[in-house]
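J.: Okay, predicted coordinates and the sequence, questions at the end:
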Amino acid sequence: MTAQDSLPLGRDVAGVDEVGRGCLFGPVFAAAVMLEGSAAEELLKAGLTDSKKLSAKRRAALVPVIQSLCVASGLGQASAREIDACGIRVATERAMLRALQRLPQRPGLVLVDGNLPLRLWQGPQRTVIAGDSRSAAIAAASVLAKEARDALIRRLSARFPGYGLERHAGYGTAQHRQSLMASGPTPLHRHTFLRRLLG
């Protein structure tokens, strides 16, 4: 990550990102993070980048650093039931909106990872393609969302043993698909995602 590609930072700017959009199980998560420039530089020096490029150990180590340096952060989620009811894009937008609503102050500008605007947000926003590699605020949001979601899925794996959730976090791995074929879905699976898989 370079010097933020001239993307704004500050107490009035929030970066927002989601995780778990493509999973077969569980909620989609989002996080919103507000960062000042000096904190962003410290986080970059500490190794902050796109959460998908970080090891689980590195992500976990970054969480308390992000939380101590950021102006504010918020988490939001939308359940598998919501995903089935309204579709993944709307559910993802709801998770992002909930994360933004948990910030102690309303941001004046929202940086949204990707190329799709957050239609539910009534305020200035900017979409940022590959934002988790270009914006420290978005990268920090991706780390917080990923760690929070993975922690929840690990807890749920004890409630729904036999699916390997603690290993694949709900993504459609071969093991997960085989378990679904053998045992069927749980109430927390995204049933609309499984129609083509299970017939």
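T.: It's in.
J.: and residue 25, bridged to which residues?
T.: On DSSP bridges, the residues paired with residue 25 through beta bridges are residue 189.
J.: Please give me every residue in contact with it.
T.: For residue 25, the contact set (CB atoms under 8 Å, 6 or more residues apart in numbering) comprises 80, 153, 163, 165, 170, 176, 186, 188, 189, 190. Using the backbone N, CA and C atoms, a C-beta is placed for each residue, glycine as well.
J.: dump the residue contacts of the third one.
T.: Same thing as residue 163. 25, 157, 176, 179, 180, 183, 186.
J.: Counting neighbours, which of these comes out on top?
T.: Neighbour tally across those (other CB atoms under 10 Å): the maximum, 26 neighbours, falls on residue 25.
J.: for the chain, what spans make up the helices?
T.: Applying DSSP state H to the chain gives helices spanning 37-45, 56-69, 80-86, 88-101, 136-159, 165-168, 174-183, 191-198.
J.: Between helix 56-69 and the first one, find me the angle.
T.: Relative orientation of helix 37-45 versus helix 56-69 (axes from the mean of the first three to the mean of the last three CA atoms, to 10 degrees): 170 degrees.
J.: who are the neighbours of helix 37-45, in terms of helices and strands?
T.: Contacts defined by 3 or more CB pairs under 8 Å, 6 or more residues apart in numbering; DSSP states H and E place helix 37-45 against helix 56-69, helix 136-159.
J.: try 10 Å this time
T.: Packed against helix 37-45 by the contact rule (3 or more CB pairs under 10 Å, 6 or more residues apart in numbering; DSSP states H and E) you find strand 28-34, helix 56-69, helix 136-159.
J.: about what we covered before: could you redo the contacts of residue 163 as TSV and give each row pLDDT?
T.: What follows is these, written out as TSV (pLDDT from 0 to 100):
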residue	pLDDT
25	98
157	97
176	96
179	95
180	95
183	94
186	97
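J.: List the buried residues of stretch 122-134.
T.: 125, 128, 131, 132, 133, 134 (16 or more other CB atoms under 10 Å).
J.: of all these, which two lie farthest apart?
T.: 125 and 133 (18.9 Å; CB to CB).
J.: Restrict stretch 76-95 to CA atoms and write it as PDB.
T.: Coordinates of each C-alpha in stretch 76-95 appear next as PDB, following Å, rounded to 0.1, in the frame of the first residue of the first chain:
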ATOM      1  CA  GLY A  76     -22.400  -4.700  11.400                       C
ATOM      2  CA  GLN A  77     -23.800  -7.900  10.000                       C
ATOM      3  CA  ALA A  78     -26.700  -9.300   8.100                       C
ATOM      4  CA  SER A  79     -27.900 -12.800   8.800                       C
ATOM      5  CA  ALA A  80     -28.200 -15.800   6.400                       C
ATOM      6  CA  ARG A  81     -32.000 -15.400   6.700                       C
ATOM      7  CA  GLU A  82     -31.700 -11.800   5.500                       C
ATOM      8  CA  ILE A  83     -29.500 -12.900   2.600                       C
ATOM      9  CA  ASP A  84     -32.100 -15.500   1.600                       C
ATOM     10  CA  ALA A  85     -34.900 -13.000   1.900                       C
ATOM     11  CA  CYS A  86     -33.400  -9.900   0.100                       C
ATOM     12  CA  GLY A  87     -30.300 -11.100  -1.800                       C
ATOM     13  CA  ILE A  88     -26.700 -10.800  -1.000                       C
ATOM     14  CA  ARG A  89     -26.200  -7.200  -2.300                       C
ATOM     15  CA  VAL A  90     -28.900  -5.700  -0.200                       C
ATOM     16  CA  ALA A  91     -27.800  -7.800   2.800                       C
ATOM     17  CA  THR A  92     -24.200  -6.600   2.300                       C
ATOM     18  CA  GLU A  93     -25.400  -3.000   2.200                       C
ATOM     19  CA  ARG A  94     -27.400  -3.500   5.400                       C
ATOM     20  CA  ALA A  95     -24.300  -4.900   7.100                       C
END
